[in-house]
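Asks: For reference, the sequence and a predicted model appear below.
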Amino acid sequence: MLRVLVPILLLIVALALTLAGDRPTPRADFTFINRGEVNTLDLQRMSWMQDLRVGRLLFEGLVQQDVFDPDYAIIPAAAESWSVSEDGLVYTFHLRDNLKWSNGKPLRASDFLFAWRRLLLPDTGGDYIRQLQLIRGAEAFTNWRLDALARAAEGKSPTGSELWTDTLAKFDELVHARAPDDRTLIVTLEHPAPYFLDLLAMPPFFPVYPPLVSQYERVDPITGRLIIESGWTKPGHIVTNGPFLLKIWRFKRDMRLEANPLHRLYDSLAIRTIAIPTVDDANAMVLAYRSGAADWVTDVVAPYRGDMYQQKLAFIREHQAEYDALKSQGLDEIEIARRLPDDPRNHLHVLPVFGTYFYNFNCSPRLTDGRPNPLADARVRRALAMMIDKRAIAEGVRRVGEPVARTLIPPDSLAGYTAPAGLHCISDMHTQADRDSLIAQARSLLAEAGFPDPSKMPAISILFNKDGGHDLIGQSIASDWQRHLGIPVNLDQKELKIFREDLKNKNYMVSRAGWYGDYGDATTFLDINRIGDENNDRNYQNPAYDDLLRRASLEPDPHARLDLLQKAEAMLVEVELPFVPLFHYCNIFLFNAHKISGINAHPRQTQNVHLIDILGDGKGPDTPRSTPPRRNGDAK
Amino acid sequence: MTGVILRRLLQLPIIVGAVFLITLALAWGIPGNPLENPEGRRPPPEIAQAMKAQYNMDSFWSFATSYVDRATGTRWLRARLSGEHSRRDADALAAGLAPPVHYVFDLGPSLQYRDRNVNEIIGSALPVSATLGLAAILIALVIGLAAGVVGAIRPNSPADVATLTLALIGISTPTFVAGTLLLLLFSVLIPIFPVASWGSPRDIILPAITLSLPFAAYIARLSRVGMIEALSSDYIRTARAKGLPERTVILKHALKNAFLPVLSYLGPATALAMTGSFVVERIFTVPGLGQHFVSAVQNKDLFLIMGIVVVFSTMLILFNLAVDVLYRWVDPRIT
């Protein structure tokens, strides 16, 4: 008997030993569930939304957006002031006095240059390298480095360390960004870009602490490549300059942040500690909120979220008169929820974001298998786009209140930019006669393009990735095309990675797609349709379109510039249709607006978590903040 | 016995090496670029290429050789001997910073979570999975053995039919159903246990029970069959004939032999439970190894896939060895 018990006893001892190691941490002032585990805190290599959100808490750039301003106006951050030359090309930033890194060392203007050089080095592999190449000479520097590395690989170059010395010198020589003293930064742009300041409010352009980061970068003595090691972003190692400090970061478990006593906002912060547990399971996120373990779920993806939204609508209907009155005052959705009674159904907030779901049309003259591509003809694309029942997709499939899209850029998201009207689709037609005439119009477009009998057209295949409900949207569109035009349609579902590869190789006819804007300008959406842009999955090549964008980039007058960009977008969404916009994304939040302030409802959806205030806890101003309606008049 | 152990330990690196090569060849073939954010913008092609070079992913052999170089500790040894480590530590200290961590058997960085080293990921997740797995196996043993013995004493009695039915349900209920049900019942409706939390002994109970169910059911069936067989054997008849109380006959004499099939199942079962369950970890937000493995394959996170496979295969071999040793000790008839 004893011998039988021994293995069991061994198991018990092992269990007790492993259990003894863990200690729970006390509850933070504010707990939120981010979109997923943070991939990296290395600013220059960031691109995921959840990373950027934490990046803004831990680090601080030259400027930031006022996220409660209807135009997301740029306000000072590390720079206390700046001036722009008359031609819009030269920016001079004046840094605040006494800026400090979290280890107490002074933050210098040259620290920004260090970070920007990192981003411009191809070795770093930063996703936002193109955006920084707005600085004069930056692209030339990246290209010089690529050439030098290629020469080194062929053995035609000096040693690795000599190449590195040359690289540092080349940066100073080529890139028009200078730090004449510790508090001044002068940057010259390639062309006028009113959105440059908005770009600088993004974490990839924030500074990193050079003595720390260079510890983790080695120059390979043979290839001359910079080898970047992980590790500097861990608590105990990382040095930051933002309002919060990283105290705990346990992989796929949690993150804990504490207010930074060296930051100028320290005394005004309404929360001192932030906990960010990693919860991947869609259902567990909602349960964590309901059980009180989290104060804010930033992305409700539970399969029953459509039902949750219907409950919210039912709640609004119960308070319809009040809701309409508040809405007519121009209040934002969060503020309206705050003024309506506190009800669990009212904790769900559906907010438009800076992104659009659309369908790509492959515009290449031939498909990858060599067949001629019927979609190369804009008339075919236009006919197909007109036949999509967008409302059925937004209201029947998605069911979370996302608005039907006629444009690529979400309307009202950019100050001063008026969206083009876009193309009508079948669900815009309210009578059968109108629908019939639209169908006739689509059929005649196809006939003009050489397909008098659409049922004899080559079958169109729709590519999408599995999961995420993309299959339902594909089916809906396929049935529209089959029903109204009689075109044969195939559905082609693939794994996400393979789907991405197919898009990159243009190995598809029609595919699902989505795009989120990065900065406050139309070009963040429009650039992806330029010839040669690496995100031009459509292989759309139209010199006239590129020329409009080029002229806009040279246009010094902001109004005239926006007009040119609007013309460019109109060309895409009304005539050329390299893609068809379906709906604008919404973000679904779960939090109690009666308890929490500091989350904004602006369609740009940048959230600065350090603005969070727990209402009624006696800390911070305890008065709710909301976005006032946009002022009359337009561009800044 | 020592000979057996030695031989098995010598075989270990060969088996692990073979597993490594086969897995790497398969993982290399997974389509897609792990260095790309699948929801984000695509970097320019020359930047994407530079990134691949950064992680030695431009060719299979450069990846495999650099991996072996790191993982076997050769690179560490070189850096130590050349004084590179001490130089970097001194630099860090001079700048007032914490010195960097140097892993001896460096399993490389995760490609998806680039700030993380695979050593660190496994180092933090394996204890969690191990705790959960051990707890689950313990619960499974208690429930399973009790059910099996009760059933075997009176085969085909209502108690036997009931435990057999329960065992069948236990085997066939998917953990995501059982887990979600338990979570709804005991965390949301009756809030006894926390949701989405890990760190206190209370957090382990629900996931451990969920994870234990299929193991318990299997153990119940194994011990029932073993017990029925043991109870009908001659030495039990002798024990009863010499007037031993039934309690002693069952618990002391019969159980010992009935336990043998359970013991041999326990080795792989413990290894399996300890290396984590994707579903249970997701439902209960347990930061264990199982979810990393699944997401590593989905993300084509080569270093993480290889690291987990190497650790898992080593564990499996060691647990089987441990069970063999225990087996010989419990049942001296086996040599």
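Replies: That came through, no problem.
Asks: looking at this, A:Arg178 is in a helix?
Replies: No. With DSSP: H, G, I helix; E, B strand; the rest coil as the criterion, A:Arg178 is assigned strand and is not in a helix.
Asks: Look up how far chain B lies from the closest residue in space to it that isn't next to it in sequence.
Replies: Spatial nearest neighbour of A:Arg178, chain neighbours left out: A:Ile186 (4.9 Å); criterion: CB to CB, 6 or more residues apart in numbering or on different chains. C-betas here are computed from N, CA, C, even on glycine. Distance of A:Ile186 to chain B, computed by CB to the nearest CB, to the nearest Å: 27 Å.
Asks: Given the strand or helix carrying A:Ile186, what are its sheet partners and their directions?
Replies: Remark: A:Ile186 resides in strand A:184-188, with elements defined by DSSP states H and E. If you go by DSSP bridges, strand A:184-188 pairs up with strand A:90-95 (antiparallel), strand A:177-181 (antiparallel).
Asks: burial of the residue nearest to A:Arg178, as a residue count?
Replies: Using other CB atoms under 10 Å in any protein chain shown, A:Ile186 has 15 other residues around it.
Asks: cool, and B:Leu166?
Replies: With other CB under 10 Å as criterion, B:Leu166 counts 17.
Asks: Which of the helices or strands spans it?
Replies: Going by DSSP H and E, B:Leu166 is part of helix B:158-172.
Asks: Would you mind checking the average pLDDT for that helix?
Replies: The average pLDDT within helix B:158-172 is 85.
Asks: For that helix, give me every contacting residue.
Replies: B:147-148, B:150-152, B:154, B:213-214, B:216-218, B:220-221, B:224 (CB atoms under 8 Å, 6 or more residues apart in numbering or on different chains).
Asks: dump the residue contacts of residue 230.
Replies: I went with chain A, as the question did not name one. A:Tyr216, B:Pro109, B:Arg114, B:Asp115, B:Arg116, B:Asn117.
Asks: Chain B, not that one
Replies: By CB under 8 Å, 6+ apart, the neighbours of B:Ala230 are B:Ile236, B:His253, B:Ala254, B:Leu255, B:Asn257, B:Ala258.
Asks: Where does chain A get nearest to chain B, which residue?
Replies: Closest residue of chain A to chain B, CB to the nearest CB: A:Lys497 (2.7 Å).
Asks: In contact with that residue, which residues are there?
Replies: Counted by CB under 8 Å, 6+ apart, A:Lys497 has contacts B:Ile30, B:Pro31, B:Gly32, B:Asn33, B:Pro38, B:Gln298, B:Lys300.
Asks: so how far is chain A from the first one?
Replies: When distances are taken as CB to the nearest CB, B:Ile30 and chain A turn out to be 7 Å apart.
Asks: Show me the shaky parts of chain A.
Replies: A:1-8, A:11, A:14-24, A:157, A:631-636 (pLDDT under 70).
Asks: Find the nearest non-adjacent residue to the residue in chain B positioned nearest to chain A, please.
Replies: In chain B, no residue comes nearer to chain A than B:Gly32, which is 2.7 Å away by CB to the nearest CB. Spatial nearest neighbour of B:Gly32, excluding adjacent residues (CB to CB, 6+ apart): A:Lys497 at 2.7 Å.
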